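Visitor: the following comprises the amino acid sequence and a computationally predicted model.
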Amino acid sequence: MAVYKRSYRAYSGRLTPEWSRFYILTRYALGNLFRSKFLTAAFVMCFFGPLVCMVGIYLNHNASVLSLLHTRANQIINVNGNFFLGFLGMQGGLAFFLTAFIGPNTIAPDLANGALPLYFCRSFSRAEYVLGKLCALFYLLSLITWVPGLILFGVESNLSGVTWMWENRSLGIGIFVGSVIWILMISLIAMALSAWVKWRIAAGALVLGVMFFLSGFGAAINGVLRSNIGHYITPGSLITVVCANLFGVEPPIDISVWSAWVGLLVMCGICLLLLSRKVRAFEVVR
Amino acid sequence: MTPVIELEGLGVRFGKRDILKGLTCSLSGRTIGLLGPNGAGKSTLINTLLGFHKPSTGTARIFGHDIRSKISHIRNVVGYMPENDSFIANMTAVAFIRLMAELSGLPSEAALERAHEALFYVGLGEARYRKVGTYSLGMKQLAKLAQAIVHGPKLIILDEPTNGLDPPARQRMVRMIKEMRDAHDLHIVLCSHLLRDVEETCEEVLILKEGRIVHYSNLEEERSANRRFVEMEPIGDTAGLAQALEGLGCECAFSGGTRLKAVLSDGLEIRDIYRLAAERDIQLRRLNYRRDTLEDIFLKAMETNTNGSL
């Protein structure tokens, strides 16, 4: 029977497992994000850096180029902890700007249009909702952070040999762990702020504002008090210290690694707390 | 038969305020009306049944499943149409309904098929590729109804479904509710402050006031009980007419001087009253069934002191 002729009927077919339903939101969110041509273009631009790095690594091992430049392997670029720290710093920065634009698109429209009761009146929890939206950002940001980072690591391993890969295996782990922490933190900040203000454009501006304000305020504290405690409220400084430790290089900022971890965890905790208060079917006025 | 909704001393507290106070009742009708003035606790009751608010005391069961322990199971068999605007503005209606169907557990292809069906069923078939944000208020209400029924629930909770609708749209919504009630094996809870909507569609009515149940009424039973009750205003030999009616087994009483109330005996029809009046040359200025309307029931309930249970 044609669809338009059918009447109301109960559904008796197969149901998908409940644990997998969060991924539906991820799928829809990703589809929605790539509708914007501007964001698609910005996303493609994020691959420019990794491409340049890859060409550099290739040239670093190309005999013809090396003889032409009268130099030896690994003298054009030294692929080590500092190289990947710089690489993650660049890609992490781009990931942050991308998050400031796309992050608020995930939650703010649902809150602004009161769509949350429709999600939560189904067998779908608040945690699954946040996880589904977080996964969309995680997939997207992974493609411009640890995925190209590990590809570069793989290319270098292929050109330098298995011995290099084994000796520098901590770099591969550091690329993945450092990127994941950064992605989680900026995604949670973007989601928490967009849940708080509920307005997409304002939320994007607030994400940028909060990050720059925290950096500026931290620098001001350091300057006025002649100390380094301002770094504890600067997400960029905290992640740099953690990544430097993971890559086994001297951190450019003088704060302990464990305190940087605590600082990151506290920031993530605050974001989760904000999300748990705002992502509800109904806000209760007590 | 398992009751649709059972409330057992259900209480909900927000901060220091008791919103629902020890509600106890059992409802089994196909369509259940929830009535009450603003702030009576209707929406809070619905939200508690859906697991949005935790009960502070007591519990409730839907189809025998406790809301404290089986909320996931309950949500699988319930469709909910919220009162306020609830949609995803930048999605087409068909994508929006499909998403909701998928979140209810339908596989992607089945969800798409049922999204089309549901939109045609509620009358949005021709507008299903438009973004929901561009819909009129009436269309948004229909889209909300479509998402509530897309997964084929056993219980549909409609919170103020006719809010903001113009008369034809309201009629269409009421007709659709009646059709779902009559043609399918499902139950409907209708929360409204529009007595006419509830009266037209519901079999059972629960009236709340200040977080307590003040009245329960089985409208079907009341309708059949009141069907034999007429009120008339005769001019002429009124006493003679009353006597004649009593002779045919009716119970009669005068009220307000000339007004005559009668409970008709079995087998006696309205045309018999006209015949008796004509034989005695009596004019009947007015004759109507004088049953308690829902408005009467509601107003009486509002005067009642609240005690919390039936």
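Guide: Cool, got the structure.

Visitor: what residues does the stretch 51-200 of chain A have near chain B?
Guide: Contact residues (Cβ under 8 Å from any Cβ of the partner chain) of the stretch 51-200 of chain A with chain B: A:109-110, A:112-124. In short, each C-beta sits where N, CA and C put it, glycine included.

Visitor: for the residues you listed, which two are the farthest from each other?
Guide: A:Ala112 and A:Ser123 (24.6 Å; Cβ to Cβ).

Visitor: these two: which has the busier surroundings?
Guide: A:Ser123 (21 against 16; other Cβ atoms under 10 Å in any protein chain shown).

Visitor: quick one: contacts for that one?
Guide: A:18, A:21, B:72-73, B:75-76, B:104-105 (Cβ atoms under 8 Å, 6 or more residues apart in numbering or on different chains).

Visitor: in this structure B:Leu276 contacts B:Leu241, no?
Guide: Yes. Look at B:Leu276 against B:Leu241 with Cβ atoms under 8 Å: they come within range, at 6.2 Å.

Visitor: neighbour-wise, give me the winner out of the residues of the stretch 51-200 of chain A next to chain B.
Guide: Neighbour max across those (other Cβ under 10 Å) = A:Cys121, 28 neighbours.

Visitor: just give the closest residue to that residue, not the sequence neighbours.
Guide: Nearest residue to A:Cys121 in three dimensions, chain neighbours excluded: B:Tyr80, at 3.9 Å (Cβ to Cβ, 6 or more residues apart in numbering or on different chains).

Visitor: before we move on, what SS does the one you found have?
Guide: Three-state call for B:Tyr80 (DSSP: H, G, I helix; E, B strand; the rest coil): strand.

Visitor: again with A:Gln75
Guide: Recorded secondary structure, A:Gln75: coil (three-state DSSP).

Visitor: burial count for it?
Guide: A:Gln75: 11 surrounding residues under other Cβ under 10 Å.

Visitor: which residues touch it?
Guide: If you count contacts by Cβ under 8 Å, 6+ apart, A:Gln75 has them with A:Asn60.

Visitor: what residues does the stretch 101-250 of chain B put near chain A?
Guide: Residues of the stretch 101-250 of chain B lying near chain A by Cβ under 8 Å from any Cβ: B:102-107, B:110, B:113-114, B:116-118, B:120-121, B:125, B:133, B:147, B:149, B:151-154, B:179-180, B:183-186.

Visitor: among the residues you listed, which are located in helices?
Guide: Using DSSP state H, the subset of these located in helices is B:102-103, B:110, B:113-114, B:116-118, B:120-121, B:147, B:149, B:179-180, B:183.

Visitor: mind listing the strands for chain B?
Guide: For chain B, strands defined by DSSP state E occupy the ranges B:5-14, B:17-27, B:31-35, B:57-62, B:65-66, B:78-81, B:155-159, B:187-191, B:204-209, B:212-218, B:229-235, B:251-255, B:259-263, B:283-289.

Visitor: using CSV, lay out the ones you listed together with mean neighbour count and mean pLDDT.
Guide: CSV is the format used below for the strands of chain B (neighbours: other Cβ atoms under 10 Å in any protein chain shown; pLDDT from 0 to 100):
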stretch, mean neighbour count, mean pLDDT
strand B:5-14, 20, 94
strand B:17-27, 19, 92
strand B:31-35, 26, 93
strand B:57-62, 20, 95
strand B:65-66, 16, 95
strand B:78-81, 26, 95
strand B:155-159, 24, 94
strand B:187-191, 25, 94
strand B:204-209, 24, 91
strand B:212-218, 20, 88
strand B:229-235, 18, 85
strand B:251-255, 12, 80
strand B:259-263, 18, 82
strand B:283-289, 13, 84
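
Visitor: quick one: which of the ones you listed is nearest A:Leu88?
Guide: strand B:78-81 (45.2 Å).

Visitor: residues in contact with the closest one?
Guide: Strand B:78-81 has contacts (Cβ under 8 Å, 6+ apart) with A:117-118, A:121, B:46, B:49-50, B:62, B:141, B:144-145, B:147-151, B:153-159, B:161.

Visitor: in the longest helix along chain A, what's buried?
Guide: Scanning chain A for the helix with the most residues, using DSSP H, yields helix A:81-112. Residues A:81, A:83-85, A:87-92, A:94-96, A:98-112 are the ones in helix A:81-112 that count as buried (16 or more other Cβ atoms under 10 Å in any protein chain shown).

Visitor: of the ones in helices among the residues of the stretch 101-250 of chain B next to chain A, keep whichever come out buried.
Guide: Buried, going by 16+ other Cβ under 10 Å: B:102-103, B:110, B:113-114, B:116-118, B:120-121, B:147, B:149, B:180, out of these.

Visitor: just put these in CSV and tack on pLDDT.
Guide: Compiled in CSV, those are given as follows (pLDDT from 0 to 100):
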residue, pLDDT
B:Glu102, 96
B:Leu103, 95
B:Ala110, 94
B:Glu113, 92
B:Arg114, 93
B:His116, 94
B:Glu117, 92
B:Ala118, 93
B:Phe120, 92
B:Tyr121, 90
B:Gln147, 95
B:Ile149, 93
B:Met180, 86
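
Visitor: turn those into a markdown table, columns for distance to A:Tyr11.
Guide: Shown next, in a markdown table, are these (distance: Cβ to Cβ, whole Å):
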| residue | distance to A:Tyr11 |
| --- | --- |
| B:Glu102 | 12 |
| B:Leu103 | 13 |
| B:Ala110 | 7 |
| B:Glu113 | 10 |
| B:Arg114 | 7 |
| B:His116 | 14 |
| B:Glu117 | 10 |
| B:Ala118 | 11 |
| B:Phe120 | 16 |
| B:Tyr121 | 13 |
| B:Gln147 | 14 |
| B:Ile149 | 10 |
| B:Met180 | 15 |
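
Visitor: out of the residues you listed, which is nearest to A:Gly13?
Guide: Of all these, A:Gly13 sits closest to B:Ala110, with 5.6 Å by Cβ to Cβ.

Visitor: looking at it, the closest one is touching A:Leu15, isn't it?
Guide: No. With contact defined as Cβ under 8 Å, B:Ala110 does not count as touching A:Leu15 (9.5 Å).

Visitor: out of everything not next to it in sequence, what's closest to B:Met180?
Guide: Nearest to B:Met180 is A:Tyr8, by Cβ to Cβ, 6+ apart, at 5.8 Å.

Visitor: list the contacts of A:Ile151.
Guide: With contacts defined as Cβ under 8 Å, 6+ apart, the neighbours of A:Ile151 are A:50, A:54.

Visitor: in the stretch 1-150 of chain B, what residue comes closest to chain A?
Guide: Of all residues in the stretch 1-150 of chain B, B:Gly15 sits closest to chain A, at 3.3 Å by Cβ to the nearest Cβ.
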